[in-house]
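In: no sequence for this one, just the structure:
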């Protein structure tokens, strides 16, 4: 009984199972014969073969260098310094609290320091008024107008509605959710334009507003934290939260724009929270998406209060003291002694209307901190008001 050679590609017969034929055992296989035939056709000179071997060695070395560089860039991407390097030598934000926020060495008569919180702009989102019974509408044109109204109203309230105002400066916390983003499928379908184009528009509007406030109040401090709508990932992630967010890049570009203007200081943390003093009172700024709940009779205050307590307990354990927390996210203006919840520039949308949430006009928070008594005057700034 005969069997086929055990070597693949050979059809010769053998006397046993799983046994190679004599030519295969001698190395005279079809593959070997094919290679030998190809070698006989090779007309390259020894010099050409040497050059090709050298070229191959160089290519392998270049490939190894590229892999090493890729690993280096991946490591760089994990740090804010590396990201600044890759996106164009962005300067690091100001380290520490500016001295003027701590107050003058000698007491003097001042109105205080103003604080205008800007958050939950949701630039790029389209809200169709006919789907809300005419209660609200929103697009990029309305967004620009509301932001401009907010900055102008801030200036007027602080400078024209107070008697003989004297300010040490103004703080403008940027509390996240600057963009509509792509975290929900319905937003991807209905956003007015791609997020990077919206980012360039919004950057210009914020530069105009911040410049106007700096011209009016002299000094301006901008702490800035990221929200959830600007993230680049579909689901929330805690690692590299800030660096995986379009808002972090926007803040860095704003800091770059004002880098040579001594009136401006920025604090752009790599984590979710920023901290700053105004005189003897310390504030914590966070977006507010870390807090969950709010559907019961107690409304949004119950989960926010629970979150405030946990955050303050954590910070006290590591020696970080603060008295007042500033948050956005909830689109509902509340001002209490230890908590300020910002409204939104966008206002009501199809989601809030369809879920029967309470209606609130587009609103941002504004107040004054006095060096001796703390928060004094406070206003909701209505973004649609053109006064």
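Out: Cool, the structure landed. Note that the structure is predicted; figures quoted are calculated from it, not measured. Numbers count the residues shown, from 1 in each chain.

In: in three-state terms, label residue 379 for me.
Out: Three-state assignment for residue 379 (DSSP: H, G, I helix; E, B strand; the rest coil): strand.

In: which residues touch the residue nearest to it when sequence neighbours are not counted?
Out: Excluding the flanking residues, the one nearest residue 379 by C-beta to C-beta, 6 or more residues apart in numbering is residue 366, at 4.8 Å. In short, each C-beta sits where N, CA and C put it, glycine included. Residue 366 makes contacts with 114, 115, 116, 117, 153, 154, 157, 158, 378, 379, 380, 381, as judged by C-beta atoms under 8 Å, 6 or more residues apart in numbering.

In: columns neighbour count on top of these, output as JSON lines?
Out: Below are the contacts of residue 366 laid out as JSON lines (neighbours: other C-beta atoms under 10 Å):
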{"residue": "114", "neighbour count": "28"}
{"residue": "115", "neighbour count": "25"}
{"residue": "116", "neighbour count": "25"}
{"residue": "117", "neighbour count": "24"}
{"residue": "153", "neighbour count": "20"}
{"residue": "154", "neighbour count": "25"}
{"residue": "157", "neighbour count": "20"}
{"residue": "158", "neighbour count": "25"}
{"residue": "378", "neighbour count": "12"}
{"residue": "379", "neighbour count": "18"}
{"residue": "380", "neighbour count": "17"}
{"residue": "381", "neighbour count": "23"}
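
In: pull the longest helix from this structure.
Out: Looking across the chain with DSSP state H, the single longest helix is helix 46-76.

In: what comes up buried for that one?
Out: Buried positions in helix 46-76, judged by neighbour count with 16 or more other C-beta atoms under 10 Å: none.

In: check the offset of that helix from the chain's centre.
Out: 37 Å (C-alpha atoms, centre = their mean, to the nearest Å).

In: neighbours around residue 350, how many?
Out: Using other C-beta atoms under 10 Å, residue 350 is surrounded by 16 other residues.

In: likewise residue 310?
Out: 12.

In: what packs against the helix or strand harbouring it?
Out: Secondary-structure element containing residue 310, defined by DSSP states H and E: helix 301-317. Packed against helix 301-317 by the contact rule (3 or more C-beta pairs under 8 Å, 6 or more residues apart in numbering; DSSP states H and E) you find strand 281-286, strand 324-327, strand 339-341.

In: what mean pLDDT does the shortest one have?
Out: Right, the one you point to is strand 339-341. For strand 339-341, mean pLDDT rounds to 97.

In: nearest residue to the middle of the chain?
Out: residue 245 (2.8 Å; C-alpha atoms, centre = their mean).

In: how much space separates it from residue 206?
Out: Remark: distance between residue 245 and residue 206 (C-beta to C-beta, to the nearest Å) = 16 Å.

In: which ones are touching the closest residue to residue 167 other than its chain neighbours?
Out: Nearest non-adjacent residue to residue 167, counting by C-beta to C-beta, 6+ apart: residue 217, 5.3 Å away. By C-beta under 8 Å, 6+ apart, the contact set of residue 217 is 114, 158, 167, 169, 170.

In: cool, residue 146 as well?
Out: For residue 146, the contacting residues are 345, 362, 383, 384, by C-beta under 8 Å, 6+ apart.

In: list the buried residues for stretch 260-280?
Out: For stretch 260-280, burial by neighbour count (16+ other C-beta under 10 Å) applies to 263-269, 272-279.

In: for the residue nearest to residue 379, what is the enclosing helix or strand?
Out: Secondary structure (DSSP H and E) places residue 366 in strand 363-370.

In: that strand pairs with which strands, parallel or anti?
Out: Sheet pairing for strand 363-370, assigned by DSSP bridges, gives strand 112-116 (antiparallel), strand 374-382 (antiparallel).

In: re earlier: put the buried members of the contacts of residue 146 into a PyMOL selection.
Out: Only the buried entries of the contacts of residue 146 go into this PyMOL selection, using 16+ other C-beta under 10 Å:
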select buried, resi 345+362+383
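
In: now the helices and strands packed on helix 301-317 as JSON lines including distance to residue 128 and mean neighbour count?
Out: Below are the helices and strands packed on helix 301-317 laid out as JSON lines (distance: least, C-beta to C-beta, whole Å; neighbours: other C-beta atoms under 10 Å):
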{"stretch": "strand 281-286", "distance to residue 128": "31", "mean neighbour count": "22"}
{"stretch": "strand 324-327", "distance to residue 128": "28", "mean neighbour count": "24"}
{"stretch": "strand 339-341", "distance to residue 128": "27", "mean neighbour count": "21"}
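
In: residue 318: which of these is closest?
Out: strand 281-286 (12.7 Å; C-beta to C-beta).

In: show me the helices in the stretch 151-300 of the chain, by range?
Out: 185-190, 195-217, 246-257 (DSSP state H, counting those that start in this stretch).

In: what's the most buried one of those helices?
Out: Among these, helix 246-257 has the highest mean neighbour count (mean count of other C-beta atoms under 10 Å), at a mean of 22.

In: tell me what it is packed against?
Out: Using 3+ C-beta pairs under 8 Å, 6+ apart, helix 246-257 sits against helix 195-217, strand 220-223, strand 264-267.

In: reformat the ones you listed as TSV; add distance to residue 318.
Out: Listed next are these as TSV, based on distance: least, C-beta to C-beta, whole Å:
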stretch	distance to residue 318
helix 195-217	32
strand 220-223	19
strand 264-267	18
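
In: any chance of the ones you listed in JSON lines with mean pLDDT and distance to residue 351 as columns?
Out: Below are those laid out as JSON lines (pLDDT from 0 to 100; distance: least, C-beta to C-beta, whole Å):
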{"stretch": "helix 195-217", "mean pLDDT": "97", "distance to residue 351": "19"}
{"stretch": "strand 220-223", "mean pLDDT": "97", "distance to residue 351": "28"}
{"stretch": "strand 264-267", "mean pLDDT": "96", "distance to residue 351": "32"}
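
In: thanks a lot, see you next time.
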